[in-house]
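**Student:** Build me a structure from this.
(one chain, ligands or ions: 2)
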Amino acid sequence: AVIAGIEFHKVKQPLKQPFITVLQKVEQREVTVVIVRDLEGREGYGECVAFDTPWYTEETVTGSRFVMEQVLAPLLIDEQLEHPAEAARLFSTVKGNHMAKAAIEMAVWDLFAKRQGVPLYEFVGGISGSIPAGVVVAGKSDDLSENVSVAIGSGYRRIKLKISPDSDAALLKKLVTSNPEISFYADANGSFSGRALKELLAFDQVGFALIEQPYGEQQWDAHRIARSNMATPICLDESIHSLEDVKRMVKKQAGDIIVLKMGRLGGWTETLKVVDFCKNKQMEMWVGGMIEFGVSKAHNLALASLPEVKLTGDFSDSNHFWRTDIVSPEIRVENGEIKLSASPGIGYELKV
Ligand code: OSB
Ligand code: MG
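**Tutor:** Numbering: from 1, shown residues only. Ligands and ions are numbered 1, 2, ... in the order given. As a prediction, the model looks like this:
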């Protein structure tokens, strides 16, 4: 396929409720939607998940837009590709900027799946059917049990709780033990960094299926020590920017499980390499959310359809964050699952 055109669209919406973590209070979300076109006018869609400030990773909405428009698009435009992985190769001369690269590359993968007339999940080797839904409950401990009840009432069977050293381990344990049918994950977003190990160990008894990123991105030793002292599996998110990082995690025995985020990893090509590596190491994986809109979520659903991705990811209903999503139909959780669209490519129309 010849990449004949690339377009960028700004999307900005308030969240229905602020998303509060130790790192940031997110009240509105801006992303860039990418459209690539072939010579026949077919379209592929991607979504750049950088935040407006660098609180989660280094990239930003403005910086990634510059890199996509001024640096990456010129490398791709008018190129003839035999396979979407060639887009990643064309971008390899550009350092970092994984979210910018991922957004354009995702659009190219969608375009190729549409050219073949198959759903993206099939194009990448996934299995048709439904993806189990998972939601994140963030914010103050006062509303915690209420918010968990609402999530359970909405059908979610996997709930991720944001934790920090200030969280009430006894309260969390009560919540987890009183909902035995629910799989609870904990995400610390690095907030135990610089704290004594015993502060983290207090959460080992809660009954979490895993604890995500207790320490900072580069704190491999702290994660190794935590892992060797805890029964709860350690899962890394922020630490994993590439296949190299996954290999480092294994070598340093710093974690048991990884969160797949295509934006953080730089796109489908690198992510599929990571999936392959983890499969061979028999390491568990799941797909993480970025408070994203439907284009990114549709790509993530295709990723979660891979048989190697066994743990439930951050997959909430379009309605969870947004009054109206940018895709049609909206992405619905029914009986705790999201049914994969059988339409070609990502399987959803774009409304921007
Ligand atoms: O640490 O997993 C994270 C959202 C934005 C940035 C980082 C993280 C998150 C989430 C997922 O926790 C929220 C979601 O989209 O469901
Ligand atoms: Mg996380």
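
**Student:** So which bits of the protein are right by ligand 1?
**Tutor:** 56, 136, 187, 189, 237, 288-291, 314, 316 (C-beta under 6 Å from any ligand atom). Just so you know, the C-beta spots here come from the backbone N, C-alpha and C atoms, and that holds for glycine as well.

**Student:** Show the contacting residues for residue 68.
**Tutor:** Contacts for residue 68 (C-beta atoms under 8 Å, 6 or more residues apart in numbering) come out as 8, 32, 34, 48, 100, 103-104.

**Student:** Could you do residue 145 as well?
**Tutor:** Residue 145 makes contact with residue 175, according to C-beta under 8 Å, 6+ apart.

**Student:** That one and ligand 2: what is the separation?
**Tutor:** Noted for residue 145: a distance of 22 Å to ligand 2, by C-beta to the ion, to the nearest Å.

**Student:** Helix or strand: which one has that residue?
**Tutor:** Residue 145 belongs to helix 144-153 when assigned by DSSP states H and E.

**Student:** just to revisit the earlier point, dump the contacts of residue 68 to TSV, plus secondary structure, pLDDT and neighbour count.
**Tutor:** Output for the contacts of residue 68, formatted as TSV (DSSP: H, G, I helix; E, B strand; the rest coil; pLDDT from 0 to 100; neighbours: other C-beta atoms under 10 Å):
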residue	secondary structure	pLDDT	neighbour count
8	strand	98	17
32	strand	98	23
34	strand	98	28
48	strand	98	30
100	helix	98	28
103	helix	98	31
104	helix	98	28
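
**Student:** which residue packs closest to residue 307, ignoring adjacent ones?
**Tutor:** residue 127 (5.8 Å; C-beta to C-beta, 6 or more residues apart in numbering).

**Student:** And for residue 15?
**Tutor:** The spatially closest residue to residue 15, leaving aside those adjacent along the chain, is residue 321, at 5.2 Å (C-beta to C-beta, 6+ apart).

**Student:** what's the one you found in contact with, if anything?
**Tutor:** If you count contacts by C-beta under 8 Å, 6+ apart, residue 321 has them with 15-16, 19, 29, 291.

**Student:** for residue 295, same thing?
**Tutor:** Each residue near residue 295 by C-beta under 8 Å, 6+ apart is listed here: 33, 45-47, 106, 326-327, 346, 348, 350.

**Student:** go with 10 Å
**Tutor:** Residues counted as contacts of residue 295 (C-beta atoms under 10 Å, 6 or more residues apart in numbering) are 11, 31, 33-35, 45-49, 103, 106-107, 110, 325-327, 346, 348, 350, 352.

**Student:** ok, now which ones touch residue 186?
**Tutor:** Per C-beta under 10 Å, 6+ apart, neighbours of residue 186: 160-163, 167, 172, 176, 203, 206-214, 232, 235.

**Student:** What about those, which are in strands?
**Tutor:** 160-162, 210-212, 235 (DSSP state E).

**Student:** Any chance of the residues you listed in TSV with pLDDT and neighbour count as columns?
**Tutor:** Putting these into TSV (pLDDT from 0 to 100; neighbours: other C-beta atoms under 10 Å) gives the following:
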residue	pLDDT	neighbour count
160	98	27
161	97	23
162	96	21
210	98	21
211	98	26
212	98	26
235	98	28
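
**Student:** Make JSON lines out of those and add distance to residue 284.
**Tutor:** JSON lines is the format used below for the ones in strands among the contacts of residue 186 (distance: C-beta to C-beta, whole Å):
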{"residue": "160", "distance to residue 284": "15"}
{"residue": "161", "distance to residue 284": "19"}
{"residue": "162", "distance to residue 284": "21"}
{"residue": "210", "distance to residue 284": "8"}
{"residue": "211", "distance to residue 284": "14"}
{"residue": "212", "distance to residue 284": "12"}
{"residue": "235", "distance to residue 284": "8"}
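
**Student:** Enumerate the residues of the stretch 151-300 of the chain near ligand 2.
**Tutor:** When proximity is defined as C-beta under 5 Å from the ion, the stretch 151-300 of the chain approaches ligand 2 at 187, 212, 237.

**Student:** for whatever residue of the chain ends up closest to ligand 1, what are its contacts?
**Tutor:** The minimum distance from the chain to ligand 1, using C-beta to the nearest ligand atom, falls at residue 289 (2.4 Å). Residues in contact with residue 289 (C-beta under 10 Å, 6+ apart) are 49, 134-136, 160, 259, 261, 296-297, 300, 313-316, 320-321.
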